[in-house]
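Novice: This is the structure alone, sequence omitted:
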């Protein structure tokens, strides 16, 4: 039998705070003597009450002999459990149960592995921690190793955000009984490691928090191979398990909120005032003096594991923020700025930003070169800032504001439509602001601290605090996370489009967003390309933010084909990750024809984002073959919770091609813009077109093959010959190469070009009698619905879902495609002759006007039911339900 070589135990002292040490044993028959002896020493000192040894089926006879000898020596101050081997988690749990049952006055337990030892005086240190920090629920120690040399400190200020990144707390920690009384135990299914990490996260989920002991409580035996090193080998697999189990923590909104609370991502210096703004979400910031920001930066550079400073410094000309906020571009500015730093192929000294004025649409440019005028913004990260103040002579630093810049720079710009210009003659440029601040840092009284070492132990259990912004990326495959915090009681919905011009898809998205906003949702527009975004007066009003994923390749339709429809070539790992990071904070994402989004839809859905696809148009080739976005939607149907269609006809087509009926919902189109004030009264007072007054015939749309431009040419020429009194008008722009145009229009045709804006469109339609749409293919055209609302009689080809908008002969006329040019002329001449019929169809068309509030109501009801179901399924406990709601 092993001889412990210790003196007999003295009579047990009375304990003000009872502490029990639990030692699971498997495979260390000799080393357990050192572990138990270290506990016996603390019991002898009167600071630890009891030892519980759990023999987890150790096969060595020597283990049984040693435990028996110690039991005989220590009496009832040691309890021994002999169990079949069930793993480390089970052994610890059995020890915990025995500790709780044995000592009603138990205050805390300490978990000690059989090959480690308590430091001398550990019991007294534990009791002091319990007394001094009554609010703390567990205490995690620093580490001194033996066997292999090493020492490291742990995170001094416990933070749940950092605990999501690394396991801050060793299993050898002091745990208050109140944690155990809540049923927190080790996961017995985790046999490959990280079971202690899981334990602490489970405690944190229940509202408990750790506290740094700031000193070693045990001596840790370090060997080249151990269970911990094996768990590191299985790191990716174990992390996946933790993320799935603790989805309450590993989600973008939660991690982003934790980051913003203590570790703001950006420091913004705007203008020449004495303060800077610290923030993660630009809508929620706090002011600090420039002196305080200087102190934070220098403290961080001196000791990055103890002091935080924002990862990015942003210098802005005065007035830039106000203009970005006015045009809803402020969040995308910060996301794009961070993304440019993260994905830069060659890291610049700093990144220049220009805010320009556009006369047509919001625009983004990814490369402005090195222009000879001063920038409106400068972005720099802490690493580049450190390089500037430590690696550049002061004379060179004074040249930061030269234009063109002599430094290694990158550049980009945003150009909002009709922006109020910045007054560059009276405000300091961003490079001037950067120069001033960099010179201040280079002369800082704190600079000598950068040469000092402030901690002799290594930073093994702590995180560089400026990298807090990377932790939310861990749940989105490393993608840059959109800096948008949740608002209490509001859900966020993102609408993703490949372009946002003046087309029907864009108008539908804007109209749906308007309805969602009126029901309390926070709406966000995401354009997955670098194409301009056209506000069109009203189209962006419902959106809280307007954003680009400014990758040109997102529109490069040269990728893999599915059923004859090609995907974009876009989609390397960081492009996908960044799109996930951009959208992962949304509660709902609606994809309106973005091929890029299809590639990450399933990932977003697995992150808990409700994914909805919205299909509008099945295109048709010259040879009559169907292709287009609905075909790609069939390929990615599995990745979406719901698929919307603009018409019942398209819903039936999607179902007939394999989409489950339960995943389909028709949100039938309504007019594509809101009527301006007073327009309803003008429509009601619209006089009938009397005989003798020339009919006014309009084509409104793109002059392209889809819309039947060649048919339109033939119809107009025929009308000009047979009824020259008819007024012919075309409102729309050509998308056909002018050098390849092979059609003409009669000399008297009014060519208005694109007509934009609710007032102009309404005026045009109120001065129109008949609208033609001789298309080769359509979905459910908004122009038809807009015309009918104004009492215009529509004549269209029988394509798409035209019969869902027009009751032939009652609210308009639908003509077969075969020989349609002659049929159009015949129908127009008949209405020219029969003004009573024209007036009746006009009145009937107006009465059939659709409304977006009715169109979207089934979708809103569906989303509310789904959210209610998700809430009910989260947990059977009300505490977890409250946590979910606060997270959302």
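Specialist: Cool, the structure landed. As the structure is a computational prediction, the values presented were derived from the model and not from experiment.

Novice: which helices and strands sit right next to the longest helix seen in the chain?
Specialist: The longest helix of the chain (DSSP state H) is helix 852-874. Helix 852-874 sits against helix 504-518, strand 664-666, helix 878-887, with contacts defined as 3 or more CB pairs under 8 Å, 6 or more residues apart in numbering; DSSP states H and E. From N, CA and C alone the C-beta is placed, and that goes for glycine too.

Novice: mind redoing it with 10 Å?
Specialist: Applying 3 or more CB pairs under 10 Å, 6 or more residues apart in numbering; DSSP states H and E, we find helix 852-874 packed against helix 504-518, strand 588-591, strand 610-615, strand 642-645, strand 664-666, helix 878-887.

Novice: Report the distance from it to the chain centre.
Specialist: 21 Å (CA atoms, centre = their mean, to the nearest Å).

Novice: got a markdown table for the helices and strands packed on helix 852-874, with mean pLDDT too?
Specialist: Converted to a markdown table, the helices and strands packed on helix 852-874 look like this (pLDDT from 0 to 100):
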| stretch | mean pLDDT |
| --- | --- |
| helix 504-518 | 96 |
| strand 588-591 | 98 |
| strand 610-615 | 98 |
| strand 642-645 | 98 |
| strand 664-666 | 97 |
| helix 878-887 | 38 |
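
Novice: Mind putting those into TSV with distance to residue 258 and mean neighbour count?
Specialist: Output for those, formatted as TSV (distance: least, CB to CB, whole Å; neighbours: other CB atoms under 10 Å):
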stretch	distance to residue 258	mean neighbour count
helix 504-518	28	22
strand 588-591	23	27
strand 610-615	23	26
strand 642-645	31	25
strand 664-666	36	18
helix 878-887	11	13
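
Novice: will you turn those into TSV that also has distance to residue 175?
Specialist: Formatted as TSV, these follow (distance: least, CB to CB, whole Å):
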stretch	distance to residue 175
helix 504-518	47
strand 588-591	40
strand 610-615	38
strand 642-645	45
strand 664-666	51
helix 878-887	20
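
Novice: Residue 155: which of these is closest?
Specialist: Nearest of these to residue 155, taken as CB to CB: helix 878-887 at 22.9 Å.

Novice: Please enumerate the strands of the stretch 751-888 of the chain.
Specialist: Listed in chain order, the strands found in the stretch 751-888 of the chain under DSSP state E, counting those that start in this stretch are 770-773, 793-797, 813-815.

Novice: can you redo these as a markdown table with mean neighbour count and distance to residue 854?
Specialist: Listed next are the strands of the stretch 751-888 of the chain as a markdown table, based on neighbours: other CB atoms under 10 Å; distance: least, CB to CB, whole Å:
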| stretch | mean neighbour count | distance to residue 854 |
| --- | --- | --- |
| strand 770-773 | 27 | 24 |
| strand 793-797 | 25 | 21 |
| strand 813-815 | 20 | 23 |
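
Novice: mind putting these in JSON lines, mean pLDDT and distance to residue 99 included?
Specialist: Output for these, formatted as JSON lines (pLDDT from 0 to 100; distance: least, CB to CB, whole Å):
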{"stretch": "strand 770-773", "mean pLDDT": "97", "distance to residue 99": "80"}
{"stretch": "strand 793-797", "mean pLDDT": "97", "distance to residue 99": "80"}
{"stretch": "strand 813-815", "mean pLDDT": "97", "distance to residue 99": "81"}
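
Novice: Any chance of these in a markdown table with distance to residue 715 as columns?
Specialist: Converted to a markdown table, those look like this (distance: least, CB to CB, whole Å):
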| stretch | distance to residue 715 |
| --- | --- |
| strand 770-773 | 7 |
| strand 793-797 | 10 |
| strand 813-815 | 11 |
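
Novice: Out of those strands, flag the one nearest residue 840.
Specialist: Closest among these, using CB to CB: strand 793-797, at 9.6 Å.

Novice: quick revisit: looking at the helices and strands packed on helix 852-874, spot the one closest to residue 837.
Specialist: helix 504-518 (29.0 Å).

Novice: how far does stretch 791-800 sit from the chain's center?
Specialist: 42 Å.

Novice: what packs against whichever helix or strand residue 301 is part of?
Specialist: Using DSSP states H and E, residue 301 sits in helix 290-302. The contact analysis (3+ CB pairs under 10 Å, 6+ apart) places helix 290-302 against strand 266-270, strand 275-279, strand 285-289, helix 382-391, helix 430-442.

Novice: before we move on, the earlier item: of the helices and strands packed on helix 852-874, which approaches residue 817 most closely?
Specialist: Among the helices and strands packed on helix 852-874, helix 504-518 sits nearest to residue 817 (CB to CB), with 20.3 Å.

Novice: what angle separates that closest one from helix 852-874?
Specialist: 60 degrees (axes from the mean of the first three to the mean of the last three CA atoms, to 10 degrees).

Novice: which other helices and strands contact the very next helix or strand once past helix 504-518?
Specialist: Sequence order places strand 522-527 as the next helix or strand after helix 504-518, per DSSP H and E. For strand 522-527, the packing partners by 3+ CB pairs under 10 Å, 6+ apart come out as helix 330-343, strand 492-497, helix 504-518, strand 543-548, helix 573-583, strand 588-591.

Novice: what lines up beside strand 522-527 in the sheet?
Specialist: strand 492-497 (parallel), strand 543-548 (parallel) (DSSP bridges).

Novice: Can you mark which positions in that strand are buried?
Specialist: Under the neighbour-count criterion of 16 or more other CB atoms under 10 Å, strand 522-527 has 522-527 buried.

Novice: ditto for stretch 573-592
Specialist: Here stretch 573-592 shows 575-592 as buried, counting by 16+ other CB under 10 Å.

Novice: next one: stretch 186-195
Specialist: 186-187, 190, 193-195.

Novice: that older thread, could you check the angle strand 610-615 makes with the longest helix of the chain?
Specialist: Computed by the same axes, to 10 degrees, the angle between helix 852-874 and strand 610-615 is 150 degrees.

Novice: same question for helix 852-874, mean pLDDT?
Specialist: Per-region confidence: helix 852-874 scores 84 on mean pLDDT.

Novice: Report the contact partners of residue 845.
Specialist: 784-785, 787-794, 805-807, 810-812 (CB atoms under 10 Å, 6 or more residues apart in numbering).

Novice: PyMOL command for the buried members of those?
Specialist: Buried residues among the contacts of residue 845 (16+ other CB under 10 Å), as a PyMOL selection:
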select buried, resi 784+785+787+788+789+790+791+792+793+794+805+806+811+812
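
Novice: Which one of the contacts of residue 845 is nearest to residue 637?
Specialist: Scanning the contacts of residue 845 for proximity to residue 637, where the rule is CB to CB, the winner is residue 805, at 26.7 Å.

Novice: For that closest one, give me its contacts.
Specialist: So residue 805 contacts 647, 668-669, 778, 780-782, 784-785, 787-788, 794, 796, 811-812, 814, 845, 848, 850 (CB under 10 Å, 6+ apart).

Novice: same thing with residue 699?
Specialist: Per CB under 10 Å, 6+ apart, neighbours of residue 699: 707-709, 712, 715-716, 728-732, 745, 749, 770-774, 783.

Novice: at 8 Å instead, please
Specialist: 707, 712, 716, 729-732, 771-773 (CB atoms under 8 Å, 6 or more residues apart in numbering).

Novice: what does residue 239 give?
Specialist: residue 194.

Novice: That one and residue 576, how far apart?
Specialist: 19 Å (CB to CB, to the nearest Å).

Novice: three-state assignment of the nearest residue to residue 494 once chain neighbours are set aside?
Specialist: Leaving aside its chain neighbours, residue 494 sits nearest to residue 586 (4.2 Å; criterion: CB to CB, 6 or more residues apart in numbering). Secondary structure assignment for residue 586 (DSSP: H, G, I helix; E, B strand; the rest coil): coil.
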